[in-house]
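> I need the structure of the sequence given here:
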Amino acid sequence: MKNMYINGRIFTANPYQPYADAMVVEKGKILWIGEGGSIDLSEGKIVDLMGKRVLPGFVDAHMHAFMLAETMNQIPCTPPEIRSITQMLTKITLKKDQQGEDQWIYGWGFDEGKMDEKRLPTRWELDTVCPDIPVVITRSCAHVCVVNSYALKLAGIDHSTPDPEGGSIDRDEKGAPTGVLREEAAMSLVTSLKPPSSFEQNCEMLAELSNELSRYGITSVTEMMSNHGFYEMFKAAQEKGFRQKTVLYYLWDEIIKKPELADSQLNVDQTVFIGGVKLFADGSITGRTAWVSPSYLGKEEQFGLSIATKEAIIDACDYARKMGIQVSVHAMGEQAIQLTAGLFSNKEPWLLNGPSFRLEHASLSSQEILELARTFNIALIPQPIFFFAEIEGYLSNLGIERTRLSYPVKSMLEKGVSVCLSSDAPATAWAVPHNPFIGIKAAVTRKAYDGTDLGSKERINIQEAIALYTRTAAEICRLPSTGMLAPEYCADFIVLNKDILKVPHDEIDLLSVEQTYINGEIVFSK
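Numbers count the residues shown, from 1 in each chain. Sure thing, here's the model as predicted:
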């Protein structure tokens, strides 16, 4: 049966037909969209949108869906829940009392810039409340964690343990590990020891996440740190109720171990498919592991970490070309961006249905880099939610002027670069890191949550911001017939409680979704 949606204020994100007030949906696809006065209302079921603003469903082009699902059962170490190390220790005590004695304790989202103490906790502080169970507190950037002494002992980390390649272990003045581990190479020394959840538990966890994503109007997602088995897991999760279209990006280190990928796994017409391989050229700005130049602010020069080698990025490009998928590189600092964009610019693109190259975050991109991105169709995926939510770390590490140059979305658009917005959830210091309205507000206002002005020259308008979170995000992820409301496109759309095109920009983050549709089927209703 046809569903006929009338009396709406529809922003389609289609540049050739940006507005409409009615659309006809059948079998999950849009048959027609336009002005309602020209359709025959006797042909199907009528759904009155009652003058509400309708948008395409959000496409989160860079997030960590599985990690986000895991955080739902972890201690949220972000304001307003936690504003001090003391409060965090209290939450750890409560968590320990609530769960079984042998279960690890995890917390996420810690940002020292928002804490009273203005520093990371130490293993000795964690030991005071939990000396006999592993504790892992992940920093907001997800590139740094703090563990207790029990976890260090379990991993065999002591005075004599060398820093792993591509990571580092913080130490005190006597050389003793403080419990702070930087980058995956160091973090995994501990986290790899955690007993894994069962396949069934993981699928159920993703199904629960699907409801949360739908609540915020997210109809398509990415998993940017996929391992072997993720394809099967997300497919199985669909049987349990995971509804979002999903693009998987497999970690290059995983691909090296097992390079064979089935043609069926790469089919973009599936609701789950493998879209690319992923590498890390550096770390995070607020964790001071992004590979920058000039140095971070401070008494001593610090330039962060260089992680992926030139050879690894080149090998990944060659593999991606062979498999017909994208190559994605995380690069935040100037040196990491320059290295990655330079290597990409020496490779011929191989994909016809989207960019071959993805440069994730592109935080400190110069005009030279933007020109390279335009010329060689390197997609840039910035997250303005970072400076919005983590302003303290940006200011203390970069200073105000350099922070204002970060995530230059307007310049990217003016240069004609392929660009979109995304969240990187849960890797940011915000209570609901996957909320698209936060990133949209940050891009439109160029203000941090505390009101810090981050430069009006890089503001974009609200229509551009929505398009970057819908149409262009789908194009970059190579999601077919997704991201805008047009004939023959998937009927993925959301109904808002207020008109996002009319509310004051400072109130965008207060908006909520009343209904979410995926393939024409309602999956969330307030």
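> H330 versus the residue most central in space within the chain, what's the distance?
Nearest residue to the geometric centre of the chain (CA atoms, centre = their mean): D424, 1.7 Å. D424 is 10 Å from H330, where distance means CB to CB, to the nearest Å. Glycine gets a C-beta too; all of them are placed from N, C-alpha and C.
> from A389, how far out is the residue nearest to the centre of the chain?
The span separating D424 from A389 equals 10 Å under the rule CB to CB.
> name the residues contacting each of the two.
By the contact definition CB atoms under 8 Å, 6 or more residues apart in numbering, D424 and A389 are jointly contacted by P433.
> quick one: low-confidence ranges for this protein?
Counting by pLDDT under 70, the chain contains no low-confidence range.
> tell me the SS of H330?
Three-state assignment for H330 (DSSP: H, G, I helix; E, B strand; the rest coil): strand.
> which strand residues bridge it?
Residues found in beta-bridge contact with H330 (criterion: DSSP bridges) are F280, E360.
> enumerate every residue touching it.
By CB under 8 Å, 6+ apart, the contact set of H330 is 278-282, 336, 360-361.
> neighbour count and distance to H228 added to those residues, as a markdown table?
Listed next are the contacts of H330 as a markdown table, based on neighbours: other CB atoms under 10 Å; distance: CB to CB, whole Å:
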| residue | neighbour count | distance to H228 |
| --- | --- | --- |
| K278 | 27 | 13 |
| L279 | 24 | 16 |
| F280 | 27 | 18 |
| A281 | 29 | 23 |
| D282 | 31 | 25 |
| A336 | 30 | 26 |
| E360 | 26 | 21 |
| H361 | 28 | 25 |
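> now render the residues you listed as a markdown table, adding distance to M72.
Below are the contacts of H330 laid out as a markdown table (distance: CB to CB, whole Å):
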| residue | distance to M72 |
| --- | --- |
| K278 | 23 |
| L279 | 28 |
| F280 | 25 |
| A281 | 30 |
| D282 | 29 |
| A336 | 31 |
| E360 | 24 |
| H361 | 24 |
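> now do the shared contacts for D424 and H330.
By CB under 8 Å, 6+ apart, D424 and H330 have these common neighbours: H361.
> quick one: residues contacting the residue lying closest to L49 once chain neighbours are set aside.
With CB to CB, 6 or more residues apart in numbering as the criterion, L49 has its nearest non-adjacent residue at 3.3 Å, and that residue is G8. Residues near G8 by CB under 8 Å, 6+ apart: 20-23, 49, 51-54, 495.
> pretty sure L209 contacts M67?
No - the pair L209 / M67 is not scored as a contact, 10.2 Å apart, by CB atoms under 8 Å.
> who has more neighbours out of these two?
Shown here are L209 and M67; by other CB atoms under 10 Å, L209 has more neighbours (24 against 17).
> okay, now the domains of this structure?
Under the assignment named as automatic domain parsing, the residue ranges that make up the domains of the chain are 79-139+144-182, 199-510.
> circling back: and the furthest pair within the contacts of G8?
Using CB to CB, these span at most 14.9 Å, a distance reached by M23 and G51.
> so the two - more neighbours on which side?
Counting neighbours by other CB under 10 Å for M23 and for G51 shows that M23 has the greater number, 27 against 10.
> that one belongs to a strand?
Yes - using three-state DSSP, the assignment for M23 is a strand.
> wait, it sits on P487?
No - the pair formed by M23 and P487 falls short of the contact definition of CB under 8 Å, at 9.1 Å.
> what touches both of those two?
Residues touching both M23 and P487 (CB under 8 Å, 6+ apart) are 30, 32-33.
> tell me which of those residues fall in strands.
Restricting the shared contacts of M23 and P487 to those inside strands, with DSSP state E as the criterion, leaves 30, 32-33.
> same list (the residues you listed) but as TSV, adding distance to I92 and neighbour count.
As requested, these are arranged in TSV below (distance: CB to CB, whole Å; neighbours: other CB atoms under 10 Å):
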residue	distance to I92	neighbour count
I30	49	23
W32	56	16
I33	52	25
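> let me have those in a markdown table, adding distance to P195 as columns.
Output for those, formatted as a markdown table (distance: CB to CB, whole Å):
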| residue | distance to P195 |
| --- | --- |
| I30 | 46 |
| W32 | 53 |
| I33 | 50 |
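> V129: which of the residues you listed is nearest?
Checking these against V129 with CB to CB, the nearest one is I30 at 54.3 Å.
> my read: that closest one touches M484, true?
No - taking contact to mean CB under 8 Å, the distance of 9.5 Å between I30 and M484 leaves them out of contact.
> where exactly do the helices run in the stretch 401-526 of the chain?
409-415, 436-445, 462-468, 471-477 (DSSP state H, counting those that start in this stretch).
> just name whatever secondary elements the longest one is in contact with.
Using 3 or more CB pairs under 8 Å, 6 or more residues apart in numbering; DSSP states H and E, the elements in contact with helix 436-445 are helix 385-389, helix 462-468.
> keeping just the C-alphas, turn the last one into PDB.
The C-alpha atoms that make up helix 462-468 are tabulated as PDB, following Å, rounded to 0.1, in the frame of the first residue of the first chain:
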ATOM      1  CA  ILE A 462      21.700  25.400   8.600                       C
ATOM      2  CA  GLN A 463      20.700  24.000   5.200                       C
ATOM      3  CA  GLU A 464      24.400  23.200   4.400                       C
ATOM      4  CA  ALA A 465      24.900  21.600   7.800                       C
ATOM      5  CA  ILE A 466      21.900  19.300   7.300                       C
ATOM      6  CA  ALA A 467      23.000  18.300   3.800                       C
ATOM      7  CA  LEU A 468      26.500  17.500   5.200                       C
END
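> gap between F388 and I400?
When F388 is compared with I400 (using CB to CB), they lie 15 Å apart.
> ok, these two, which is more surrounded?
Neighbours of F388 and I400, each counted by other CB under 10 Å, are more numerous for F388; the result is 27 against 13.
> among the contacts of G8, which lie within strands?
With strands taken from DSSP E, the overlap with those comprises 20, 22-23, 53-54, 495.
> format these as CSV; extra columns: distance to E204.
Output for the ones in strands among the contacts of G8, formatted as CSV (distance: CB to CB, whole Å):
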residue, distance to E204
A20, 39
A22, 39
M23, 34
R53, 34
V54, 32
V495, 28
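> by neighbours, which of the residues you listed wins?
Of all the ones in strands among the contacts of G8, the most densely surrounded is M23 (27 neighbours; neighbours counted as other CB under 10 Å).
> in space, what's closest to it - neighbours in sequence excluded?
In this structure, M23 finds its nearest non-sequential neighbour in I33, 4.0 Å apart by CB to CB, 6+ apart.
> surely that neighbour touches I10?
Yes - under the criterion of CB under 8 Å, I33 lies in contact with I10, with a separation of 7.1 Å.
> closest to K95 out of the helices of the stretch 401-526 of the chain?
K95 sits nearest to helix 436-445 of all those, at 26.4 Å, using CB to CB.
> how many neighbours does K299 have?
As a burial measure, the neighbour count of K299 was computed by other CB under 10 Å and equals 5.
> for S197, same thing?
Going by other CB under 10 Å, the residues that sit close to S197 add up to 12.
> just the one 3 residues further on next, same as before
The criterion is other CB under 10 Å. On that basis, E200 has 10 neighbouring residues.
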